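K.L.:
need coordinates for the below:
(2 chains)
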Amino acid sequence: MLEIANIRNNAEEVKGRLAVKNFKELNLVDEAIVIDAKRRSIQLVLDENLNKQNIIAKEIGELFKQGKKTEADARKQDSASLKEQSKELEAELAKNEEALKDILVRIPNTPHKSVPVGKTPEENEVVKQVGEIPALHAAAQPHWDLAKKYDLFDLELGVKLTGAGFPVYKGKGAKLQRALVAFFLDNAIDAGYLEVIPPHMVNADSAFGTGQLPDKEGQMYYIGLDQFYMIPTAEVPVTNMVRDEILDGLPKKFVAYSPCFRREAGSYGKDVRGLNRVHQFEKVEIVQIAHPDKSYEVLEEMVKHVEGLLQKLELPYRILRLCGGDMSFGSALTYDFEVYSAAQKRWLEVSSVSNFETFQSNRMKVRFRDELKKTRLVHTLNGSALALPRIVASLLENHQVEDGVNIPAALQPYTVYNKIV
RNA sequence: GGAAAGAUGCCAGAGUGGUUGAAUGGAACAGUCUCGAAAACUGUCUUAGUCGCAAGGCUAACGAGGGUUCGAAUCCCUCUCUUUCCGCCA
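P.N.:
Sure, this is the predicted structure:
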């Protein structure tokens, strides 16, 4: 949610930035300004009214003390009409505040200056590409076939238990999940992140804070009986840990492992083969709560961290700076990481690292005190480090040899086995 | 699931209708003192909205939402949460 003061003071610039995101409803910006002006004018009159009421109340108190009961009673009359007016004004103010918020939540975050213009994923900017694309042997297979061959995970069994997109990992496949989670967590802890294990369901306030609500209900599983949402990412509970707080000691660095639940309504076809797209998956997420003047340095640091992981896993990867049209609603700048999956011969997104600037902190009221002891909104950032299924897909496909799948050296202390046979 | 108690500022903790945005203590910050530190003393010390160039003013908030009243942290109603006890249970 953009800050209304920013919209008010820089309307044209805001609109210009939103255009980069291909946001069509620029009229919402003007509407917000109109309603905001109305809201303030109402507040002005209301405050004056309440002030008068307060003065009268004090006078009556004084008169009672002096025993002037008749005069006090007379004074009470004066309050009646003011009170009536105040009630109406209050109702009107509340209506305007609500209307303003309804508009503000529909306006996406303004993209950073470095965000390339573009509408489709093809227009994302490839920042860099690292690592050799492996040349596989003639009988190389995609990961879903390898999974069958070595009995690593079973999607059909998941269908029986739950439905499509809920894999059952088995044997070395299951161990590989645990190994990757531990490997990712340890790397983040070494980089100064505090490990947390968050709840896997959140309430509506939390879902609103990070921007899942309103409008994106359809992407989350919902427990109606208790009004809980299954988390689509640990970003939601972890970022909300600082909701409504005034922090010191920035940046705050958190890392969390959690399962992630995504309905992925409407996606099907070749893209969802194997582990390419599932409804439940494991992910290690890094989150930073940063000083607004430092947040882009923090973003670079997070990008470096993710890169380090991919290098240790010996996977070819590339980093994309997302264009305006491909960015998420709340992000100001996003880097996507893709690994090459050699048997499928395609790039798979395994991480998304974003700076939300004050988009989330304004919703969550997360602040810190600046040098002048004034409260200011923090910047929030998060990134996958990393999401497991596609890492597993790429790991299996890229590291396969004729008689098995090799495990990268960095991961061997965690898997204990060094080859899947 | 049943019963009871409670929810006040960074923390502890007063306050049961009229200068209480909130006593007191602690913490924190600044200053005096000191070679430095401690102690002592002095001061500062909630947040948000709004008006103002500023100084500063006004309004709101004592778990949340309603109500009574000229006036509520204080009275009434609803809800939420916490703690303790009982039951159930990993």
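K.L.:
and A:Ile223, what does it touch?
P.N.:
A:201, A:229-230 (Cβ atoms under 8 Å, 6 or more residues apart in numbering). C-betas here are computed from N, CA, C, even on glycine.
K.L.:
bridged to it, which residues?
P.N.:
In this structure, A:Ile223 bridges to A:Phe228 when assessed by DSSP bridges.
K.L.:
please convert the contacts of A:Ile223 to JSON lines, extending it with pLDDT, distance to A:Arg263 and neighbour count.
P.N.:
Shown next, in JSON lines, are the contacts of A:Ile223 (pLDDT from 0 to 100; distance: Cβ to Cβ, whole Å; neighbours: other Cβ atoms under 10 Å):
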{"residue": "A:Met201", "pLDDT": "90", "distance to A:Arg263": "15", "neighbour count": "19"}
{"residue": "A:Tyr229", "pLDDT": "91", "distance to A:Arg263": "11", "neighbour count": "22"}
{"residue": "A:Met230", "pLDDT": "92", "distance to A:Arg263": "9", "neighbour count": "19"}
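K.L.:
closest to A:Ala11 out of these?
P.N.:
Minimum distance to A:Ala11 across those is 34.0 Å, recorded for A:Tyr229 (Cβ to Cβ).
K.L.:
which parts of the longest helix along chain A are buried?
P.N.:
Longest among the helix segments of chain A by residue count, using DSSP state H, is helix A:27-65. For helix A:27-65, a neighbour-count test (16 or more other Cβ atoms under 10 Å) marks A:28-29, A:31-33, A:35-36, A:38-39, A:42-43, A:46, A:49, A:53, A:56, A:60, A:63 as buried.
K.L.:
state the next helix or strand along the chain beyond that helix.
P.N.:
helix A:69-104 (DSSP states H and E).
K.L.:
next, the angle helix A:27-65 makes with that next one.
P.N.:
170 degrees (axes from the mean of the first three to the mean of the last three Cα atoms, to 10 degrees).
K.L.:
mean confidence (pLDDT) on helix A:69-104, please.
P.N.:
The pLDDT scores in helix A:69-104 average 85.
K.L.:
also stretch A:373-380?
P.N.:
On average, stretch A:373-380 scores 90.
K.L.:
centre of the chain to stretch A:297-304, how far?
P.N.:
16 Å (Cα atoms, centre = their mean, to the nearest Å).
K.L.:
hang on, A:Leu309 packs against A:Ser384?
P.N.:
No. Assessed by Cβ atoms under 8 Å, A:Leu309 is found out of contact with A:Ser384, at 9.9 Å.
K.L.:
got the contact list for whichever residue of the stretch 101-250 of chain A sits closest to RNA strand B?
P.N.:
The minimum distance from the stretch 101-250 of chain A to RNA strand B, using Cβ to the nearest atom of the strand, falls at A:Ile246 (6.1 Å). By Cβ under 8 Å, 6+ apart, A:Ile246 lies in contact with A:367-369, A:375.
K.L.:
what pLDDT does the model give it?
P.N.:
Confidence score, pLDDT, at A:Ile246: 89.
K.L.:
then A:Gly266?
P.N.:
65.
K.L.:
next one: A:Gly269
P.N.:
64.
K.L.:
can you give me the helices for chain A?
P.N.:
Going by DSSP H, chain A shows helices at A:4-9, A:11-20, A:27-65, A:69-104, A:143-150, A:155-161, A:171-190, A:204-209, A:235-240, A:295-312, A:359-364, A:388-398, A:412-415.
K.L.:
so how far is the last one off the chain centroid?
P.N.:
Right, helix A:412-415. 31 Å.
K.L.:
also stretch A:346-362?
P.N.:
7 Å.
K.L.:
pLDDT on that stretch, on average?
P.N.:
On average, stretch A:346-362 scores 95.
K.L.:
need the residues of the stretch 151-300 of chain A near RNA strand B, please.
P.N.:
Contact residues (Cβ under 7 Å from any atom of the strand) of the stretch 151-300 of chain A with RNA strand B: A:Ile246.
K.L.:
okay if I get the contacts of A:Ile223 as TSV plus distance to A:Gln400?
P.N.:
As requested, the contacts of A:Ile223 are arranged in TSV below (distance: Cβ to Cβ, whole Å):
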residue	distance to A:Gln400
A:Met201	37
A:Tyr229	38
A:Met230	33
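K.L.:
returning to that earlier point: for the longest helix of chain A, what is the distance to the chain centroid?
P.N.:
For helix A:27-65, the distance to the chain centre is 37 Å (Cα atoms, centre = their mean).
K.L.:
packing partners of it?
P.N.:
For helix A:27-65, the elements it packs on are helix A:4-9, helix A:11-20, helix A:69-104, judged by 3 or more Cβ pairs under 8 Å, 6 or more residues apart in numbering; DSSP states H and E.
K.L.:
quick check: mean pLDDT of the first one?
P.N.:
Averaging the model's pLDDT scores along helix A:4-9 yields 92.
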